[in-house]
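Trainee: below are the sequence and a predicted model; questions follow.
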Amino acid sequence: MVPLKFENGKVVWLNTSAIPWKEEYKESSNYEDIARAIETMEVRGAPAIGVMAALGIAAAVYNSQGDVQTLYQVLNRAAERLSRTRPTAYNLFWAIDRMRAKANSLISDNVSPEEFKERIVEEALRIQREDIEINRRMGEIGSQVIKDGDVILTHCNTGSLATAGFGTALGVIRTAWLQGKSIRVIATETRPLLQGARLTMWELTKDGIPSKLITDNMVAYAMRYEGVTKVILGADRILVSGHVANKIGTYGISILAKYHGVDFYVVAPTSTIDRTGANEIVIERRKPDEVRTVLNMVDITVKDAEVLNPAFDVTPPELITGIITEKGIAYPPFKDSLKKFIE
Ligand SMILES: CSC[C@H]1O[C@H](OP(=O)(O)O)[C@H](O)[C@@H]1O
C-alpha cells in the first residue's frame, strides 16, 4: 500500500478518511485540490502532509508552461496556498521551504524551463523517498527501547497512513514486532476523528500485531489494570525546548504515564523540529461539528452545542522520557540534545 504517488504529473493519494470502510484512491494535478485534501484530512499526519505538499508543488510546476520565471511564480503560488492548509505540523513548512530553496538555487543556476520542471519533481520525490528511509531508521533506533513482553499504548495514527510509508511511532512498534519481540499494543480511538480506531487498528490488524482498541477515557484504566509498560506516539511540532505538540489527548496521557511510572516516548523525524526559534506553537482549531457528531454521521449532542475542538495539545519536556529521531534518541535536557540533531 503506497499512500502517496506522483504519476504522469498527477498526485495520487489514499483517502484515509474512508478507511476502514474502503481503500479509495483520489488524484489531481491541481494544487487547490491537494490543499483541500490536506484541510479535509483525506491526507493527514505531519510527515504525510509535508510530502503531499511537496508533490502538489511539483504537479503545479510540471503541468505549467512558460519560461522559468513563470514556472517560479507558479511554484510560489502553490507553496503559498499549501502553507495555509494546517498551521501546526512543522513538516508541512519544512517541506515547502525545501521546495522553495530548490527553486531558488535553480533560478540562480539559470536553468532551462525543462530542467526546472525536472529538478523540482525530482526534489519532491526525494522528500518522499527520504521519509520512508528515515522511518525505517527510526524504527531500528527506537526498537532498542522495546523489550519482550512490553505492552505499548499509542495514540492517534503514526503509521504508513500518516507518512510516506512505514510510519514513525508505529514504525518503531512494527520494527520491534518484525524483530520477533512479543509485544501487545493498546490503541486509543482518538476522538473526534478516530484515527486510532479507524487507521491504527487497520494497520496493526493487517500486520498481525496483537492489539486492543480502547476509548480515550480508558487510558488510566489500561495503565492500572492492563499492564501498560510504555507509551510510544508521534508529534506534529517539537520545539528545541522539548515541548511537543501532538494529537489532542497526548498531554493527558503523559501525566497519567508519569503517575503510573510508565516511560513516555515521542517518535518523529527531525523535519518535525521547529527551527525558527519559536517558543509558542499554534494549535489548529477545527470545525465544531467534528465534536458534535461521530464523523458527521450521527449527532451526539444538542444542536449548536458550544464545543472546544483543538486538534493538538502540548506536552512539556519534563513529562517526556525520550524523543526518538532518525539521528538518535534525545534525552533530557532536550534544549541540548535536540539542538545536536538539527545543527
Ligand atoms: C506521524 S503523524 C504525526 C501526528 O499527526 C497526527 O495528527 P493529524 O491526524 O491531525 O494529522 C497525530 O497528531 C500524529 O501523532
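Mentor: That came through fine. Numbers count the residues shown, from 1 in each chain.

Trainee: every contact and neighbour count from this point should use C-alpha atoms.
Mentor: Noted.

Trainee: phi first, then psi, for the closest residue to D263 other than its chain neighbours.
Mentor: Among residues not flanking D263 along the chain, K230 sits closest, at 5.0 Å (CA to CA, 6 or more residues apart in numbering). Backbone torsions for K230, taken as degrees, to the nearest 10, come to phi -150, psi 150.

Trainee: go ahead and confirm K230 touches D148.
Mentor: No - in this structure, K230 is not within contact of D148 by CA atoms under 8 Å, at 12.0 Å.

Trainee: tally of neighbours for the residue nearest to D263?
Mentor: K230 sits with 23 neighbouring residues when counted by other CA atoms under 10 Å.

Trainee: contact partners for it?
Mentor: By CA atoms under 8 Å, 6 or more residues apart in numbering, the contact list for K230 reads 150-153, 262-265.

Trainee: do that again at 6 Å, thanks
Mentor: Counting by CA atoms under 6 Å, 6 or more residues apart in numbering, K230 touches 152, 262-263.

Trainee: any idea what it is bridged to?
Mentor: When assigned by DSSP bridges, K230 has beta-bridge partners I152, D263.

Trainee: and the pLDDT for it?
Mentor: Per-residue pLDDT puts K230 at 98.

Trainee: and the gap between it and the ligand?
Mentor: As for K230, its distance to the ligand is 16 Å (criterion: CA to the nearest ligand atom, to the nearest Å).

Trainee: ok, A54 touching E123?
Mentor: No - A54 lies out of contact with E123 (CA atoms under 6 Å); the separation is 8.2 Å.

Trainee: compare those two (neighbour count), which wins?
Mentor: A54 (32 against 19).

Trainee: ok now do the more buried one, which residues does it touch?
Mentor: A124.

Trainee: could you do T325 as well?
Mentor: 138, 268-269.

Trainee: which strand residues bridge it?
Mentor: G328.

Trainee: helix/strand/coil for Y221?
Mentor: Using DSSP: H, G, I helix; E, B strand; the rest coil, the structure places Y221 in helix.

Trainee: give me the number of residues near it?
Mentor: Y221: 13 neighbours (other CA under 10 Å).

Trainee: against the ligand, how distant is it?
Mentor: Relative to the ligand, and taking CA to the nearest ligand atom, Y221 is found at 22 Å.

Trainee: with L71 instead?
Mentor: Taking CA to the nearest ligand atom, one finds L71 at 30 Å from the ligand.

Trainee: A helix includes that residue, no?
Mentor: Yes - membership of L71 in a helix is supported by three-state DSSP.

Trainee: contacting residues around it?
Mentor: With CA under 6 Å, 6+ apart, L71 has these contacts: V61.

Trainee: can you pull the pLDDT of it?
Mentor: pLDDT, L71: 98.

Trainee: pLDDT weak spots in the stretch 101-250 of the chain?
Mentor: Scanning the stretch 101-250 of the chain for pLDDT under 70 picks out no residues.

Trainee: would you map the helices across it?
Mentor: Along the stretch 101-250 of the chain, the segments classed as helices by DSSP state H, counting those that start in this stretch run 113-142, 169-178, 195, 201-207, 219-225, 250-260.

Trainee: return the residues of the protein in contact with the ligand.
Mentor: Neighbours of the ligand within the chain, by CA under 6 Å from any ligand atom: 44-47, 156-158, 162-163, 168, 234-236, 246-247.
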